[in-house]
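> After the sequence you'll find the predicted model.
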Amino acid sequence: RIDNIIDYMTFEVYKYTVRGLYEKHKFLFTLLLTVKIDIKSKKVKHDEFLTLVKGGASLDLKEVMPKPCKWILDMTWLNLVELSKLKNFSDILNQITRNEKAWKSWFDKEAPEDEVIPDGYHASLDTFRRLLLIRSWCPDRTLNQASKYILDSMGEKYTESVILDLEQMWGETDNRTPLISFLSMGSDPSNMIEALAKKKGIECKAISMGQGQDVHARKLLKLFMETGGWALLQNCHLGLDFMDELINIIVETEAIHDSFRLWMTTEVHDNFPINLLQMSIKFTSEPPQGVKAGLKKTYAGISQDQLEISNMPQWKPLLYAVAFLHTTVQERRKFGPLGWNIPYEFNQADFNATVQFVQNHLDDMDIKRGVSWSTVRYMIGEIQYGGRVTDDYDKRLLNTFARVWFSEQLFSPNFCFYKGYVIPKCQKIEQYHDYINGLPNAATPEVFGLHPNAAITHSSTVAKDVLDTTLSIQPKDSSGGVGETREAIVYRMADDMLDKLPKDYIPFEVKDRLKQMGAYAPMNIFLRQEVDRMQKVITTVRNTLKDLKLAIDGTIIMNENLRDALDCMYDARIPAQWKKISWASSTLGFWFTELLERNAQFDNWLFNGRPNAFWMTGFFNPQGFLTAMRQEVTRAHKGWALDSVVLYNDVTKWMKDDVAQPPLEGVYVYGLYLEGAGWDRRNAKLVEQKPKVLFEQMPVIHIYAINTTGTKDPRLYSCPIYKKPVRTDLTYIAAVDLRTVQSPDHWILRGVALLCDVK
């Protein structure tokens, strides 16, 4: 009987909680619930749980057993080293080294979690231990295996999505329980609430909150509390001042009509009163994802009258093309920087404005001349949708979509957006609905112009978010009740880092060396600035670590910064104080390794002379590096002006170890990774990525400068270089031209870029 009560209670609490969470957090909550129940019942140990959320994030690549083969990624190897500390996996590193072929063929499978795992693990591991292995090898498959674990541990009902039922929820409330809906991009439950009120025959009035709206809200509440009715306060995050008063009104009003209900919608806001959230029923309604769902939603808002508003033969295909573009620009958001550098909130208004423009354009069109495509493309790519876009490379992408899809080709019978996605020839709106219902539920990323590998990038990011969030909400006070305390672990880490930390630069030595090399040469001025910044990082890290040791010993007081450093180092994250003056990195281990490598490059340049090739990732200010190079070239040629000297580049066929001497002019740069495409080294041109290979290391690139006012060759793909996987103006360095057989448009839609660092 107790088991039944526990089962029933767990599921009811689960349903109640999940209803108020966003899609991305629902899975996170379910996984946490499952793991915590298993930890309590001793099926999962605490250190196994920590390995799941942290992986090998706090390890240093240089300190562990070297990886046996190139195809294993650094992060994967660190995860496996961490995994080998658990007793089920104690021999895994040797097994991989001995049986490398079998592991590689397993790893290359489409869905490794469904395949037979080598070296007898298939039989010996349960679903949770298998989750640990999958999380270490293939982060992108983590959530698939986690679903299997939840199914196995909790049962099927926990893996199915909970459908929002407003009527049932209304039945759970009384007149003093508000219902709060959390808004998300492209969804608003107001229509559903008003429809339910109509069905129940209850009066429902909405007020959108904002400046000066509290007066009307007070009146409405007073009226409906007396007469009975539903008050709907929209966008409550814009009227936060009124919220505290609202709580008092609900709690203190003596007599409230039985059929009174208060519905609210709000975006997530840090200052939203928590006691109001605690006394309410919370729910979310998010728009469904995917091409099919997007088109369905768009065509649900189009009536038969609108379909027949223009008798031009171009009208219906153009309407469908705009709807398809609308879905594509929204769907590309989920692929992160591969899709858009900045995730814009394209919405229904953009679509309506574009449709209105197309309709007006067709009304005024000269039938003999046909559609003016340059006008249509300009209006879409620069104004209707382009008006939101602030990043130059995003603007280029949007204009490419307009150029590739909006042309006379659109009306030819063999036009398609991608295999299987054509423009249907329909007369009735119902026929469109039927066609859209026949589309596949899940679309490959190729529909949006991306490579199938983009799906791996997307699922890895989602899995990383789930694990990072799990880590950040773990209690901070004690160790897991076993082994060393948090403080002892961090103390040991601090000792270890202090041992490895490079020695300080001695100012007069640096000055002396720069003088010998030519203190006023552009490259040496650049070097001096970089060394100064490096010294600042070394000093800060040294001081924090020394103070942290003293604070743990109790000699000095643990202040805010040291407390943050302690938490971050334990979680393998970078302390805020360090991050502010240095660079971003995914884990503390990688950050510290990068510190040592950056410093080695500066030290070598300063005391052993200028290197033959430069590691561009190791600079604080790579733009400054390229500018210094341009200045150097300009000064070497009499009569050249810096303004008309532009960067040019050749991709060589060598890797960095093959470079024996520096170029006659310009610089050799290595350590760049290509994302979104592969590279054919023999013919020096862009090719499609290999399956499962997300980043390809580029050979050495020779970057130089010439004095020219001519334009660049349009057949080359102009490829942006970014410092980090996050592609914004802040991480942009410059663009290089890459050779390609396909049209450059193909690579623009693929989102191809060069990255200095992929961790």
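Thanks, I have it.
> Going by C-alpha atoms from here, please, whenever you check contacts or count neighbours.
OK.
> Which residue ranges of the stretch 551-700 of the chain form helices?
All helices of the stretch 551-700 of the chain, identified by DSSP state H, counting those that start in this stretch, fall at 560-570, 576-581, 588-608, 622-636.
> JSON lines for the ones you listed, including mean pLDDT, distance to I6 and mean neighbour count?
Converted to JSON lines, these look like this (pLDDT from 0 to 100; distance: least, CA to CA, whole Å; neighbours: other CA atoms under 10 Å):
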{"stretch": "helix 560-570", "mean pLDDT": "90", "distance to I6": "35", "mean neighbour count": "18"}
{"stretch": "helix 576-581", "mean pLDDT": "92", "distance to I6": "43", "mean neighbour count": "14"}
{"stretch": "helix 588-608", "mean pLDDT": "92", "distance to I6": "41", "mean neighbour count": "18"}
{"stretch": "helix 622-636", "mean pLDDT": "93", "distance to I6": "59", "mean neighbour count": "19"}
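> Which among these is found nearest to G751?
Among these, helix 622-636 comes nearest to G751, with 21.8 Å by CA to CA.
> could you say what helices and strands that closest one packs with?
helix 522-553, strand 645-651, strand 701-707, strand 732-738 (3 or more CA pairs under 8 Å, 6 or more residues apart in numbering; DSSP states H and E).
> residues in contact with the residue lying closest to E594 once chain neighbours are set aside?
Nearest residue to E594, sequence neighbours excluded (CA to CA, 6 or more residues apart in numbering): G618, at 7.7 Å. By CA atoms under 8 Å, 6 or more residues apart in numbering, the contact set of G618 is 594, 597-598, 601.
> What is the burial count for the residue nearest to D74 when sequence neighbours are not counted?
Distances taken as CA to CA, 6+ apart put L61 closest to D74, at 7.4 Å, once the chain neighbours are dropped. Residues near L61, counting by other CA atoms under 10 Å, number 19.
> a markdown table for the helices and strands packed on helix 622-636, including mean pLDDT, distance to Q145 and mean neighbour count?
Shown next, in a markdown table, are those (pLDDT from 0 to 100; distance: least, CA to CA, whole Å; neighbours: other CA under 10 Å):
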| stretch | mean pLDDT | distance to Q145 | mean neighbour count |
| --- | --- | --- | --- |
| helix 522-553 | 94 | 39 | 18 |
| strand 645-651 | 90 | 41 | 17 |
| strand 701-707 | 92 | 41 | 20 |
| strand 732-738 | 93 | 36 | 18 |
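> out of the ones you listed, nearest to S310?
strand 732-738 (44.7 Å).
> contacts for the helix or strand just after that closest one?
Counting by DSSP states H and E, the element after strand 732-738 in chain order, helix or strand, is helix 744-750. Residues from elsewhere that reach helix 744-750 (CA under 8 Å, 6+ apart): 338, 396-397, 400-401, 448-451, 676-677, 715-718.
> quick one: which of the residues you listed sit in helices?
396-397, 400-401 (DSSP state H).
> what comes up buried for stretch 284-303?
For stretch 284-303, the neighbour count (16 or more other CA atoms under 10 Å) marks 284-285, 290-296, 298-299 as buried.
> follow-up on the earlier one: so for V81, which of the helices of the stretch 551-700 of the chain sits nearest?
Of the helices of the stretch 551-700 of the chain, nearest to V81 by CA to CA is helix 588-608, at 13.3 Å.
> Y704 versus A613, what's the distance?
Separation of A613 from Y704 (CA to CA, to the nearest Å) stands at 13 Å.
> Between the two, which contacts overlap?
V667.
> Quick check on the contacts of helix 744-750: which are buried?
338, 396-397, 400-401, 448-451, 676-677, 716-718.
> from memory V53 sits against T470, does it?
Yes: in this structure, V53 is within contact of T470 by CA atoms under 8 Å, at 6.8 Å.
> circling back: let me know the closest of the contacts of G618 to M365.
Nearest to M365 among the contacts of G618, with distances taken as CA to CA, is E594, at 60.3 Å.
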